[in-house]
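Asks: Here is my input, please return the structure:
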Amino acid sequence: MAVKRRRQTLMGEVVSTKMDKTVTVKVTRKVRHPLYKKFVKHYKKYLSHVTSVEPSLGDIVKISSIHPISKLKRWQVSEIIRKSEKIG
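Replies: Numbers count the residues shown, from 1 in each chain. Below you'll find the predicted structure:
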């Protein structure tokens, strides 16, 4: 009997679309400082594979974990949460 596992998902902002079939997604998380108790923003960039959806710069996307595609690509863009708005 095959058990379908639930994939890890993250949400972040697309910061680079210059590669072929790959986008860079910056995931921000707020962590409480252990001594000063202030929330500090921590960032991490993930290289994500793009197949069916075509995100543009500034979009908020959901990425899910997949098997390794290359040395640094272990994530895939699963859906676009919010499109970026052009001002001006």
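
Asks: And Thr9, how far from Ile87?
Replies: Between Thr9 and Ile87 the computed distance is 29 Å (C-beta to C-beta, to the nearest Å). No exception for glycine: its C-beta is placed from N, CA and C like everyone else's.

Asks: for Leu47, that is, sorry about that
Replies: 28 Å.

Asks: Which of the two has more residues huddled nearby?
Replies: Per other C-beta atoms under 10 Å, whichever of Leu47 and Ile87 has more neighbours is Leu47, with 18 against 4.

Asks: which residues does that one bridge with?
Replies: In this entry, Leu47 is beta-bridged to Thr24, Lys73, by DSSP bridges.

Asks: Can you verify my assumption that it contacts Lys21?
Replies: No: with contacts counted by C-beta atoms under 8 Å, Leu47 stays clear of Lys21, the gap being 10.6 Å.

Asks: can you count the residues close to the closest residue to Arg32 other than its chain neighbours?
Replies: The shortest distance from Arg32 to any non-neighbouring residue, by C-beta to C-beta, 6 or more residues apart in numbering, is to Phe39 (5.7 Å). Neighbour count of Phe39, defined by other C-beta under 10 Å: 10.

Asks: tell me the pLDDT at Phe39?
Replies: On pLDDT, Phe39 comes in at 97.

Asks: Could you measure from it over to Ile60?
Replies: Plainly put, Phe39 is 20 Å away from Ile60 if you go by C-beta to C-beta.
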